[in-house]
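Engineer: missing the sequence, but the structure's below:
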C-alpha cells in the first residue's frame, strides 16, 4: 500500500529522531563518507560509472578505477570541490545571488566545461556562464525556456529563496520542501548548457547544510522515478509530484543511515 504524503512526513519525523539520537553527524568520518556517497549517486545519475568504493579510493588516496573513463573521475572530483565550497558557504549563511550560482556551476564543470559559439553569443561553461542557446532534455526531450529569459528568472529565483531563508518558525517539513522546491525551480529554469542536474541537487543539499538538517540523497536506482517526477511537476505546473518523490527519497536516506550505523 502506498503511503500518502502526511504519513510519509510522520515517518520522516520519527526516523529523524532516531537518526539524531545516534549522533551520526557528530562523527566527521560519517559525514564525510555520507557526502562522498551523495556525490557518487549524483554523478552516476549523469552517467558516471564509478562506484561508492571507487569514489572513496579516488578522494582518499588519489587512486583511479581501472578501466573507467577519466571523464567519470573528473566529474566526481569536480563535484567534490563544489560540495566542499558549498558546505563552507553554508556555514557563513551566504545569501543567494546569480554570481554564487555561477561559481557553483564553474566548480562542477571545471574540468569538463567548454566554450560554446552560438547565434546568441559565446559563453564558457567552465566559468559557469549561463547558456546563450536552447537546450532539450535528451533525444526528442522537452525544450527548456528561452535563454533570453534566464537572467530575469535567476534574479527572481534568488530573491524568492532569500526571502524564504529569512522566514522564522518553519517546521521540518517546510524546511525540506524549501530545499526540494529550489531544486525543482532551478532545474526548470535550466540556466546552463551542462551540469544542471548536479548543480540543482547540490543547491538542495547546500540549503540543507544551511538549515543544519540531514542532507537528502537522490539514489541512482531511483533515477527513472526521479526524472519522471520532475517531468510530471514541470508539465502540470504542480510541484506535489516531485515533493512526494523527494520526501520518499529522504525517508530512504534516513533509513539507510540508521541501518548502516547499526552494522546491518
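Structural biologist: Looks like it arrived, so ask away. Because the structure is a prediction, the values reported are computed rather than measured.

Engineer: drop to CA atoms for contacts and neighbour counts, all remaining ones
Structural biologist: Will do.

Engineer: Report the separation between residue 150 and residue 124.
Structural biologist: 16 Å (C-alpha to C-alpha, to the nearest Å).

Engineer: Kindly apply the preceding question to residue 190 instead.
Structural biologist: Distance, residue 190 to residue 124, using C-alpha to C-alpha: 16 Å.

Engineer: who's more crowded, these two?
Structural biologist: Remark: of residue 190 and residue 124, residue 190 carries more neighbours, 27 against 18, as counted by other C-alpha atoms under 10 Å.

Engineer: contacting residues around that one?
Structural biologist: 144, 145, 196 (C-alpha atoms under 8 Å, 6 or more residues apart in numbering).

Engineer: Please, a ChimeraX command that selects the buried ones among those residues?
Structural biologist: Remark: buried members of these, expressed as a ChimeraX selection using 16 or more other C-alpha atoms under 10 Å:
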select :145,196
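
Engineer: in the host helix or strand of residue 117, what's buried?
Structural biologist: Per DSSP states H and E, residue 117 falls inside strand 115-118. Across strand 115-118, burial judged by 16+ other C-alpha under 10 Å covers residue 116.

Engineer: taking the mean pLDDT, what do you get for it?
Structural biologist: Here strand 115-118 scores 95 as its mean pLDDT.

Engineer: Against which helices or strands is that strand packed?
Structural biologist: With contacts taken as 3 or more C-alpha pairs under 8 Å, 6 or more residues apart in numbering; DSSP states H and E, strand 115-118 sits against strand 121-124.

Engineer: Output the contacting helices and strands for the following helix or strand past the strand it packs on.
Structural biologist: Remark: after strand 121-124, the chain's next helix or strand is helix 150-165, criterion DSSP H and E. Helix 150-165 sits against helix 98-108, helix 172-189, with contacts defined as 3+ C-alpha pairs under 8 Å, 6+ apart.

Engineer: could these be laid out in CSV, adding mean neighbour count, distance to residue 115 and mean pLDDT?
Structural biologist: Formatted as CSV, the helices and strands packed on helix 150-165 follow (neighbours: other C-alpha atoms under 10 Å; distance: least, C-alpha to C-alpha, whole Å; pLDDT from 0 to 100):
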stretch, mean neighbour count, distance to residue 115, mean pLDDT
helix 98-108, 21, 12, 98
helix 172-189, 19, 21, 97
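
Engineer: so which of those gets nearest residue 17?
Structural biologist: helix 172-189 (11.4 Å; C-alpha to C-alpha).

Engineer: who are the neighbours of that closest one, in terms of helices and strands?
Structural biologist: If you count contacts as 3+ C-alpha pairs under 8 Å, 6+ apart, helix 172-189 packs onto helix 150-165, helix 196-211, helix 240-261.
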